[in-house]
Structures are given as structure tokens and as C-alpha cells.
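# sequence and predicted structure, then a few things I'm wondering about:
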Amino acid sequence: MSAIEFHNVGRKFGAYEAIADVSLAVRDKEFIAIVGPSGCGKTTLMRMVAGLEFPTEGRVTVNGRVVRAPGPDRAVVFQQFALLPWRTVRENIGFGLTCTGTAASEKRKLVDHYIKMMHLDGHADSYPHQLSGGMQQRVALARSYVIDPDVLLMDEPFGALDAQTRTVMQEELVRLARDNPRTVLFITHSVEEAVYLADRIVVMGKKPGCIREIIDVSDVRTSEAWQELGIDEVMDLPSFVHLRTRVWRLLRSQMDDE
Ligand SMILES: Nc1ncnc2c1ncn2[C@@H]1O[C@H](COP(=O)(O)OP(=O)(O)OP(=O)(O)O)[C@@H](O)[C@H]1O
């Protein structure tokens, strides 16, 4: 059984057909990146998995069950970090666990573990405004991981970061994906980011929003052991350059069609 399935999904907003006939099966622990021109329906598809939006045609399932509402099995990370400004790092990370009713001692252990994992030691009692953008995003990631969701939904999570911090966060995410694999849907406007992070890249087109092509990256990533390399080394590899050009051309052709 696939972790996430879109079965002939369509979405109309009034007479406007935003998405038509999207079918996709995401395997358990697979990292999928979605790229496509602005307005092709990337966020709408993700919101359907989150249970914040619903198809007008077809259906979306998570672990075999039709999505009817949000749930703790799915965590969402948005571009804007959405931390609670009046709560400390520790309280922000533990927030989801309060909602799931985890015992206090267990909660402390889990929060400590993620503070360490995200290199936030020494900042546990700081407030969000005392942190850099990259640190805030690490808190947001920790908050999503700590509730141990089956599925992580990430909508341009690094879009608001400067280039340097973004690179650090991308490497961090590769490390996390290796040590703590989850099923991930990741929306990005960066082709490099998609090729560096994803097992498969879904390239979408628009009018109406649909899947144009799905490109496999996992075979080459595994055979060339990308996960052992830094992002700059990976980006120099001929295989990376080739995949990047392929995705970029596909994306360009979608934009030229507009
Ligand atoms: N609630 C809504 N009511 C009306 N139209 C909507 C609604 N939500 C989305 N749309 C339309 O559906 C289309 C897809 O929107 P969506 O935000 O999913 O695209 P996207 O690919 O994520 O875009 P971007 O890359 O710019 O974030 C757009 O044309 C948008 O205007």
C-alpha cells in the first residue's frame, strides 16, 4: 500500500478548473518534490493531503484511508515559520505533544532529543524573535518531527531564507531524511533543491494543473552515494547537472506554453 495516493484528483473553484486528473502513488518513506509554474495547483494538492482542502473529483488517501480532516499522522511546514512568539523554543517544539496528551517526562525527553538533533542546544529557553531565520526554521522542523508524523508536508519551507542558510537547511534535511526517514511531499521553486533532496520529482503543468512528468532521482542518488557528500560536491556531479537541466527544460516548456 502506498503512503499517499491521488486517484484521478480534480479541483474546481466555481467554474475554474484548477486541477484535473492527477494520479500519483507516493511510497512509504519516499521523498517527493513537486515543481511547476505558479498557479498549477501545488499547494492545493498538498492541502488535500493535509485535510485542509478537498477534491471535487477523485480522492486522496493516506495509508489507505480517504482524507477527510487534518490529523496528527500528517505535519505541515510552511514557508512562514508560524512559531508561537510568546513561547520559548522548548515550548514551541513541545506544543504538538501537549495536544496529543504525551506524559510530561516523555515529552521532555523527546523535546531534548530534537533540540540536540537540530543543533539548538543553548537556545532552548530563547524566544523566536531572539533567533535567526535558519534557527527558527529548525525549530519549525523539530516541532513537526517530534509528533512523529507518518507524512511531512512542506510548502516552500526554505523560501524565506537567505542562500547560505538555505544550503545549510537542505543538508540538514538530507541528514534527517537519512537518519529518520519519513514520507515527504516537498513543494519548491528551486530545481536544484528538488534534485538534491527528492527521490522523485513531479513536474506539473497548468491550465488545468496536471502532472507532466515524473523523474526518478533515487537510483542515481543511491548508486553515487549522494547522501555521503556535501551539497556543493553533489552539484558538481555530471549526473546532477544532467538531471537539473532535464527538469529545468521541462519546467521551461510549461512556462512557454502559458
Ligand atoms: N480557495 C480558492 N478559491 C479560488 N481559487 C483558488 C483557491 N485556491 C486556489 N485557487 C486557484 O487555484 C490555482 C492553484 O493554486 P495553488 O495555490 O494550488 O497553486 P501553486 O502551484 O501552489 O502556486 P504558487 O507556486 O504560485 O504558490 C490558482 O489559479 C489559484 O488562484
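Everything's here; your move.

# contact residues of this structure facing the ligand?
13, 18, 36, 38, 39, 40, 41, 42, 43, 44, 209 (CB under 6 Å from any ligand atom). For the C-beta atoms, the positions are set from N, CA and C on the backbone; glycine is no exception.

# now what about the helix or strand of the chain with the lowest mean pLDDT, what contacts it?
The helix or strand of the chain with the lowest confidence, counting by mean pLDDT, DSSP states H and E, is helix 163-179 at a mean of 81. By CB atoms under 8 Å, 6 or more residues apart in numbering, the residues outside helix 163-179 that reach it are 31, 117-118, 132-134, 137-138, 141, 145, 157-158, 161, 184, 193, 196-197, 227, 230-231.

# which of these fall in strands?
Mapping the contacts of helix 163-179 onto strands (DSSP state E) picks out 31, 184.

# quick one: buried ones out of the contacts of helix 163-179?
Buried by 16 or more other CB atoms under 10 Å: 31, 117-118, 134, 137-138, 141, 145, 157-158, 161, 184, 193, 196-197, 231, out of those.

# which of the residues you listed scores worst on pLDDT?
For the buried ones among the contacts of helix 163-179, the weakest pLDDT value sits at residue 161, with 79.

# mind listing the helices for the stretch 151-258 of the chain?
163-179, 191-197, 218-223, 231-236, 238-256 (DSSP state H, counting those that start in this stretch).

# most packed of those?
helix 191-197 (a mean of 24; mean count of other CB atoms under 10 Å).

# domain parsing of the chain, as residue ranges.
4-73+153-256, 83-148 (automatic domain parsing).

# and these, which one averages the lowest pLDDT?
Note on these: domain 83-148 shows the lowest mean pLDDT, a mean of 89.

# need the contact list for residue 139.
Taking CB under 8 Å, 6+ apart, one finds 81, 83, 89, 92, 93, 118, 120, 128, 131 in contact with residue 139.

# am I right that the fourth one is in contact with residue 82?
No. Look at residue 92 against residue 82 with CB atoms under 8 Å: they stay out of range, at 9.7 Å.

# among the contacts of residue 139, which are located in strands?
Among these, no member falls in strands (DSSP E).

# coming back round to it: would you turn the helices of the stretch 151-258 of the chain into JSON lines with distance to residue 98?
Putting the helices of the stretch 151-258 of the chain into JSON lines (distance: least, CB to CB, whole Å) gives the following:
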{"stretch": "helix 163-179", "distance to residue 98": "23"}
{"stretch": "helix 191-197", "distance to residue 98": "30"}
{"stretch": "helix 218-223", "distance to residue 98": "36"}
{"stretch": "helix 231-236", "distance to residue 98": "35"}
{"stretch": "helix 238-256", "distance to residue 98": "41"}
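
# show me the strands in the stretch 1-150 of the chain, by range?
Secondary structure of the stretch 1-150 of the chain (DSSP state E, counting those that start in this stretch): strands at 4-13, 16-26, 31-35, 57-62, 65-66, 74-77.

# coming back round to it: highest neighbour count among the residues of the chain next to the ligand?
residue 41 (26 neighbours; other CB atoms under 10 Å).

# now that one. Nearest residue, chain neighbours left out?
Take residue 41 and drop its neighbours on the chain: the residue closest to it by CB to CB, 6 or more residues apart in numbering is residue 209, 3.0 Å away.

# number of nearby residues for the closest residue in space to residue 84 that isn't next to it in sequence?
Sequence neighbours aside, residue 92 is the residue nearest to residue 84 in space, at 5.6 Å (criterion: CB to CB, 6+ apart). Neighbours of residue 92 under the rule other CB under 10 Å: 23.

# re the thing from before, could you work out the most separated pair of the residues of the chain next to the ligand?
Pairwise distances across these (CB to CB) peak at 17.5 Å, for the pair 13 and 36.

# related to what we said a few turns ago, in JSON lines, list the residues of the chain next to the ligand along with distance to residue 58.
JSON lines is the format used below for these (distance: CB to CB, whole Å):
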{"residue": "13", "distance to residue 58": "16"}
{"residue": "18", "distance to residue 58": "13"}
{"residue": "36", "distance to residue 58": "19"}
{"residue": "38", "distance to residue 58": "23"}
{"residue": "39", "distance to residue 58": "20"}
{"residue": "40", "distance to residue 58": "17"}
{"residue": "41", "distance to residue 58": "13"}
{"residue": "42", "distance to residue 58": "17"}
{"residue": "43", "distance to residue 58": "18"}
{"residue": "44", "distance to residue 58": "13"}
{"residue": "209", "distance to residue 58": "13"}
